[in-house]
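Student: Pasted the sequence and its predicted model underneath.
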Amino acid sequence: MGKEISHSSGPLLLGVMGDPIAHSKSPVMHEAALRAVSLPGSYVPLHVKPDRLAQAVEGVRALGFRGVNVTVPHKVSVMDLLDELDEGARLIGAVNTIVNHNGVLTGYNTDGIGYVRSLKEEAVPDLKGKTILVLGAGGAARGIIYALLQESPAQIIVANRTPDKAKQLAEEWSGLGHLTGCGNDDIAAAVKNADVLINTTSVGMHPAVSEIPINPEWIPEGIVVSDLIYNPLQTELLRQGEIKGCRTHGGLGMFIYQGAYAFEYWTGCEAPVGVMREAVLRSLQG
Ligand code: ATR
């Protein structure tokens, strides 16, 4: 973390592009971070429709923004509009953070590394040798699986409603580690050997908070159960995991740390993670 960056004069201009964007907690989080490290600047929500994305990205250069986050639905389409791509972002196939180095725009993906940092800090300090079952094979799954593979787990099994998508991903990244793809019918067998179970699907997200992505009876006692969802903070999957004596890990940490990495890329300052978490929690509760 923490690349040294030369600062242009004047306040730091930062923001997040998405459609919709009003619900985003990123402005609250990054504004709190800027204040905490006494950096003059602003982080603003930028409502960008898909047909205006190219102009908006050009605006980052024209207006001298130091950087922006990119969220739904632009994470994939923005890639073609950038000058350079970090290798991780290229392989994952999505960008959530753009850094403007004197007019040269570089795309990064901090979602996966943010998730893994949070998982290690909050639940599994060492992922080496672990067997991990990932539910879902979409954009979020790609980001976290790529980052998990850097931690030398024994095996990652990806289970998806559309089995071919999981199998294709396993084939695509077969050179990066021991990765297997299967359909949801195979979850019951796969979860028996898992040390860590991770939900990357939207099943259980607000407002459908009673939904759960696997039969709770299948959750083995005492494993780690993790959910990328942070609204609600405790999903039905995490609640059922707790009943089984599992260590549970929610999605808030991923959101905080993806922001922390982005903040450090833009500012060169260590991100005030505690302040950022407090700001998001206050906003979620208020
Ligand atoms: P994200 O960027 O959040 O990962 P995505 O790329 O649309 O979003 O991927 C969503 C993932 O959740 C997919 O793996 C999807 O399964 P399919 O590939 O079969 O579509 C999975 N998913 C979404 N809703 C689901 C549901 N109701 N039951 C099971 N899996 C679901």
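Tutor: Here it is on my side, so go on.
Student: I'd say Asn193 and Lys130 touch.
Tutor: No. Counting by CB atoms under 8 Å, Asn193 sits too far from Lys130 to count as a contact (10.6 Å). All C-beta spots, glycine's among them, are computed from the backbone N, C-alpha and C.
Student: which one of those two has more residues nearby?
Tutor: Neighbours per residue, other CB atoms under 10 Å: of Asn193 and Lys130, the larger number sits with Lys130, 19 against 13.
Student: Would you check that the more buried one makes contact with Pro153?
Tutor: Yes. When contacts are counted by CB under 8 Å, Lys130 is listed as touching Pro153 (4.8 Å).
Student: Tell me who's in contact with the closest residue to the ligand within the chain.
Tutor: Nearest residue of the chain to the ligand (CB to the nearest ligand atom) works out as Gly138 at 1.9 Å. Taking CB atoms under 8 Å, 6 or more residues apart in numbering, we find Gly138 in contact with Lys165, Thr200, Thr201.
Student: Near the second one, how many other residues are there?
Tutor: With neighbours defined by other CB under 10 Å, the count for Thr200 comes to 26.
Student: residues touching it, list them.
Tutor: Val134, Leu135, Gly136, Gly138, Ala140, Ala141, Ile144, Leu228.
Student: Just the buried ones from those residues, in PyMOL syntax?
Tutor: The following PyMOL line selects those of the contacts of Thr200 that are buried, judged by 16 or more other CB atoms under 10 Å:
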select buried, resi 134+135+136+140+141+144+228
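Student: residues in the stretch 101-250 of the chain within reach of the ligand, list them.
Tutor: 136-141, 160-162, 165, 200-203 (CB under 6 Å from any ligand atom).
Student: Gly15 contacts Gly41, correct?
Tutor: No. Shown here, Gly15 and Gly41 do not form a contact pair, counting by CB under 8 Å, at 10.5 Å.
Student: Have a look at these two and say which one is more surrounded.
Tutor: Ranked by neighbour count (other CB under 10 Å), Gly15 and Gly41 place Gly15 first, with 26 against 19.
Student: mind listing what that one touches?
Tutor: Gly15 touches Pro27, Tyr43, Val44, Pro45, Leu46, Phe65, Val68, Asn69, counting by CB under 8 Å, 6+ apart.
Student: Distance-wise, check it relative to Ser26.
Tutor: Distance of Gly15 to Ser26, given as CB to CB, to the nearest Å: 9 Å.
Student: try Thr235
Tutor: Counting by CB to CB, the gap from Thr235 to Ser26 is 21 Å.
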